[in-house]
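**Q** Just the structure for this:
(4 chains)
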2 protein chains.
Amino acid sequence: MRSKQPTIWDIAIKLNVSISTVSRALRNAPDINPDTKKAVLDLAHELDYQPNTIATSLRKNKTDIIGVLVPEFVHAYFPSVILGVQEVANAAGYKVMIGQSNESLEIEKHNLQAMLSSRVDGVIMAITRETNEYEHILAAQRKGLPVVFFNRIVDELPGSKVLVDDYRGAFRAVEHLIQTGCRRIAHLAGPENLTMSRNRLNGYIDALKAHQFPVDESIIMPCDFIEGRARACTQQLLDGPNRPDALFAVNDPTAIGALVCIQENGLSIPDDISLVGFSNAPHSAFVTPPMTAVVQPTNEIGRVAARLLLRQIEEGAAFVPETQTLDTTLVIRKSTHPVLKTV
Amino acid sequence: MRSKQPTIWDIAIKLNVSISTVSRALRNAPDINPDTKKAVLDLAHELDYQPNTIATSLRKNKTDIIGVLVPEFVHAYFPSVILGVQEVANAAGYKVMIGQSNESLEIEKHNLQAMLSSRVDGVIMAITRETNEYEHILAAQRKGLPVVFFNRIVDELPGSKVLVDDYRGAFRAVEHLIQTGCRRIAHLAGPENLTMSRNRLNGYIDALKAHQFPVDESIIMPCDFIEGRARACTQQLLDGPNRPDALFAVNDPTAIGALVCIQENGLSIPDDISLVGFSNAPHSAFVTPPMTAVVQPTNEIGRVAARLLLRQIEEGAAFVPETQTLDTTLVIRKSTHPVLKTV
DNA sequence: AACGTTTCCGGAAACGTTGCCGGAAAAGAA
DNA sequence: TTCTTTTCCGGCAACGTTTCCGGAAACGTT
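**A** I've put the predicted structure just below:
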């Protein structure tokens, strides 16, 4: 049985003042006698009083909670974005409520409903892989809910967005391969309908062109983000004529697939084949050999998203949505040659 | 500017009934005319009405939210127990609010305050590494807050606990090494003051004894969970006389440290040295070679913890705390010999 | 001494629900 | 018909805050 927590009433009665006075003392309002204020504060501390935030929320019509809605969080990417969100949200006096959709549109809808029902002040979200209709999100926005998107962006949706410069990241990764002496660079590409994969593909192509390398369509292999498919594609590349001496993988699972395949074929990384991935997470550091990879500023993504959301919450209707693009960094580890070996 | 969401008042006025009636219709109470109920439900749907859960919470003095407090969540372990929590909590109509202490006692206290302030119905928590005084937790419990602990257990605290059978896990890991032909098995141990490390150490020792192996103190190396120290210890083992042919590592970072050290010495896993870890997460699968490891049922830990908490919430003061011990499983991958090579 | 100001405080309504209580109308029983 | 029961509904207080409004007392000014 939950024992009752003390309320401002309890304090008021013990001190023989009104609840208004107690309330004023607690949230240091201007018109209160310093002595009574001190008395209230002391008693509150003694009773271990904690304000009932749900009463406050009801009264003020504001919860000071922001919702974060992610498709999953067992991989490091989303948790570490959330960390960034928490950092700026907490500093601004907001709490963070996390929802997890398990990559299911149904659950995403349900979670968004729940957030609306909990009257969160705003939501930061990355949509599910299977989210292909947006009415639930649009409806929430029509009700005035501020929403900022990240990671999985769709143009049909209004609102602020935080994304990563996929094109430049890919470009630099490929440039690095070229600079370390690779001459035939294959690409394990993502699904063609995603802007993200397209941007990375374009970065790959433009880097080749910028260095007067030919673009060979036969070594651009779409493998849908799936580790198994990446393995098969890599095998195909190894078996084919004119074997590539480098691979640029579109994301983590793909890179892992390539890595195991190469090693199973008894080839050495990076001596026979250099490998660079495009990573969501520091994960790639723990593989052997530690992988050179484009890494995303996950924490910063969360911080930026939170700042945008807080601005929107505070500025209200006057706020005009912004989309911010963050840069990636190429972390050079052991799956490519060191860069000093210049071309 | 947040536009107002519809309330039961709006529905009541449009339908020319009282708010009581609307309320009854919405939470299908018994005494209501099916027709009016349908009318209310229809209009609610049309207006896209969502009940204001914070008003409900205030009124019912129950939030249907359970808090989960973890020291970090960028590694897979905690997120995946949270998944388990969510699964049973959501199924029972509860929402989950997550707090993250960043391994800081200060933040842990603050988060617990916040949960109390939010009037969560209960908390599932794993304390911080630096949590060495428990007054904040005891105070919360004294106020009647149900708390269940997992992963980091301390005897001084009352409440339900969910833990993992470290002893048996270690025992079986070592037994597996013995059965695959290893004859000299070293142990990279954890800090001696933690019951967890002690249990794993005892499992190691007893497995050796059970198979009439000698226990050689000189190849039991405490390395404090730190990857760097594990590397140094492993090097020492490799350099020493009578090199071990197997290593049992107390946790993930330790195992990784051993792995890189062994490979840097040009030795083969498992042919020169077998390696088995004690893992928090499926992490160890992604290393090369994929590591044989004792793995914990992370999801199940969350589910069990949630079930215990929900029972305590519902049974109230009548509930007597329980501690449940879950079993681990040994996942055999490539860092040990296959088991068919029987002794 | 009379006035205006400032300082501090209490009363009360409101936020959106729930749930008790009582009562009117409809239905059933005599 | 008349009485009892059932069915359905409205009024109202309450949950713990915040905040507006008004007023008493203390202070300052002429």
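**Q** can you count the residues close to residue A:338?
**A** 10 (other C-beta atoms under 10 Å in any protein chain shown). C-betas here are computed from N, CA, C, even on glycine.
**Q** where does it land on pLDDT?
**A** pLDDT recorded at residue A:338 is 90.
**Q** Next: residue A:147.
**A** 97.
**Q** Could I get the contacting residues of it?
**A** Residues near residue A:147 by C-beta atoms under 8 Å, 6 or more residues apart in numbering or on different chains: A:122, A:123, A:124, A:125, A:137, A:140, A:141, A:157, A:159, A:160.
**Q** And for residue A:298?
**A** A:76, A:77, A:80, A:81, A:83, A:84, A:280, A:281.
**Q** right, and the first one touches residue B:77 too?
**A** No. Residue A:76 sits out of contact with residue B:77 when judged by C-beta atoms under 8 Å, with a separation of 11.5 Å.
**Q** hmm, back to that, filter the contacts of residue A:298 down to the ones in helices?
**A** A:77, A:80, A:81, A:83, A:84 (DSSP state H).
**Q** can you pick the most crowded of those residues?
**A** Comparing those by number of neighbours (other C-beta under 10 Å), residue A:81 comes first, having 30 neighbours.
**Q** Quick check: that one vs DNA strand D, distance?
**A** The gap separating residue A:81 from DNA strand D is 32 Å, by C-beta to the nearest atom of the strand, to the nearest Å.
**Q** What of residue A:270?
**A** For residue A:270, the distance to DNA strand D equals 61 Å [C-beta to the nearest atom of the strand].
**Q** out of the ones in helices among the contacts of residue A:298, who's near chain B?
**A** With C-beta under 8 Å from any C-beta of the partner chain as the criterion, these include A:80, A:83 near chain B.
**Q** Dump the ones in helices among the contacts of residue A:298 into TSV; add distance to residue A:118 and pLDDT as well.
**A** Conversion of the ones in helices among the contacts of residue A:298 to TSV gives the following (distance: C-beta to C-beta, whole Å; pLDDT from 0 to 100):
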residue	distance to residue A:118	pLDDT
A:77	25	90
A:80	24	92
A:81	21	95
A:83	22	93
A:84	22	96
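**Q** Closest to residue B:18 out of the ones in helices among the contacts of residue A:298?
**A** Closest to residue B:18 out of the ones in helices among the contacts of residue A:298 is residue A:81 (46.6 Å), distances taken as C-beta to C-beta.
**Q** ok, longest helix in chain A?
**A** With DSSP H as the criterion, chain A gives helix A:298-315 as its longest helix.
**Q** and residue A:154, what is it in contact with?
**A** Here residue A:154 is in contact with A:127, A:134 (C-beta under 8 Å, 6+ apart).
**Q** what's it sitting at in phi/psi?
**A** Torsion angles at residue A:154 (phi, psi; degrees, to the nearest 10) stand at phi -130, psi 140.
**Q** pLDDT score for it?
**A** In this model, residue A:154 is scored at 88, pLDDT.
**Q** Just the closest residue of the stretch 201-343 of chain A to DNA strand C, please.
**A** Ranked by C-beta to the nearest atom of the strand, the top residue of the stretch 201-343 of chain A for proximity to DNA strand C is residue A:316, at 17.1 Å.
**Q** Tell me the pLDDT of that residue.
**A** 88.
**Q** got it, and the one 5 residues further on?
**A** As predicted, residue A:321 sits at a pLDDT of 96.
**Q** Equivalent analysis for residue A:341, please.
**A** Here, the pLDDT recorded for residue A:341 equals 45.
**Q** Grab the nearest non-local neighbour of the residue sitting nearest the centre point of chain A.
**A** For chain A, the residue sitting closest to the mean C-alpha position, by C-alpha atoms, centre = their mean, is residue A:81 at 4.2 Å. Distances taken as C-beta to C-beta, 6 or more residues apart in numbering or on different chains put residue A:302 closest to residue A:81, at 4.1 Å, once the chain neighbours are dropped.
**Q** list the contacts for that neighbour?
**A** Taking C-beta under 8 Å, 6+ apart, we find residue A:302 in contact with A:80, A:81, A:82, A:83, A:84, A:85, A:86, A:87, A:88, A:124, A:150.
**Q** my guess is residue A:89 contacts residue A:307, does it?
**A** No. Counting by C-beta under 8 Å, residue A:89 stays clear of residue A:307, with 9.5 Å between them.
**Q** So which of the two has more stuff around it?
**A** residue A:89 (26 against 19).
**Q** mind saving the C-alpha coords of the helix or strand containing that one as PDB?
**A** Residue A:89 belongs to helix A:77-91 when assigned by DSSP states H and E. Extracted in PDB, the C-alpha atoms of helix A:77-91 (Å, rounded to 0.1, in the frame of the first residue of the first chain):
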ATOM      1  CA  TYR A  77      23.200   4.100 -32.300                       C
ATOM      2  CA  PHE A  78      19.800   5.200 -30.800                       C
ATOM      3  CA  PRO A  79      20.800   5.000 -27.200                       C
ATOM      4  CA  SER A  80      23.700   7.200 -27.900                       C
ATOM      5  CA  VAL A  81      21.500   9.700 -29.700                       C
ATOM      6  CA  ILE A  82      19.100   9.600 -26.700                       C
ATOM      7  CA  LEU A  83      22.100  10.400 -24.400                       C
ATOM      8  CA  GLY A  84      22.600  13.600 -26.300                       C
ATOM      9  CA  VAL A  85      18.900  14.400 -26.100                       C
ATOM     10  CA  GLN A  86      18.900  13.800 -22.300                       C
ATOM     11  CA  GLU A  87      21.900  16.000 -21.900                       C
ATOM     12  CA  VAL A  88      20.300  19.200 -23.300                       C
ATOM     13  CA  ALA A  89      16.800  18.300 -22.100                       C
ATOM     14  CA  ASN A  90      17.800  17.700 -18.500                       C
ATOM     15  CA  ALA A  91      19.900  20.900 -18.500                       C
END
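**Q** on contacts alone, who are the packing partners of it?
**A** If contacts are counted by 3 or more C-beta pairs under 8 Å, 6 or more residues apart in numbering or on different chains; DSSP states H and E, helix A:77-91 sits against strand A:65-70, strand A:95-100, helix A:298-315, strand B:95-100.
**Q** is the second one anywhere near chain B?
**A** Yes. Judged by C-beta under 8 Å from any C-beta, strand A:95-100 comes into contact with chain B at A:95, A:96, A:97, A:98, A:100.
**Q** how about those, which pair is most distant?
**A** The distance between the two most remote of the residues of strand A:95-100 next to chain B (C-beta to C-beta) is 16.9 Å, for A:95 and A:100.
**Q** quick one: which of these two has more around it?
**A** Just comparing residue A:95 and residue A:100: by other C-beta under 10 Å the higher neighbour count belongs to residue A:100, 24 against 21.
**Q** show me what contacts the more buried one?
**A** A:69, A:70, A:71, A:72, A:73, A:107, A:111, B:82, B:83, B:86.
**Q** ok, now which ones touch the fourth one?
**A** Pointing back at residue A:72 there. A:78, A:100, A:101, A:102, A:103.
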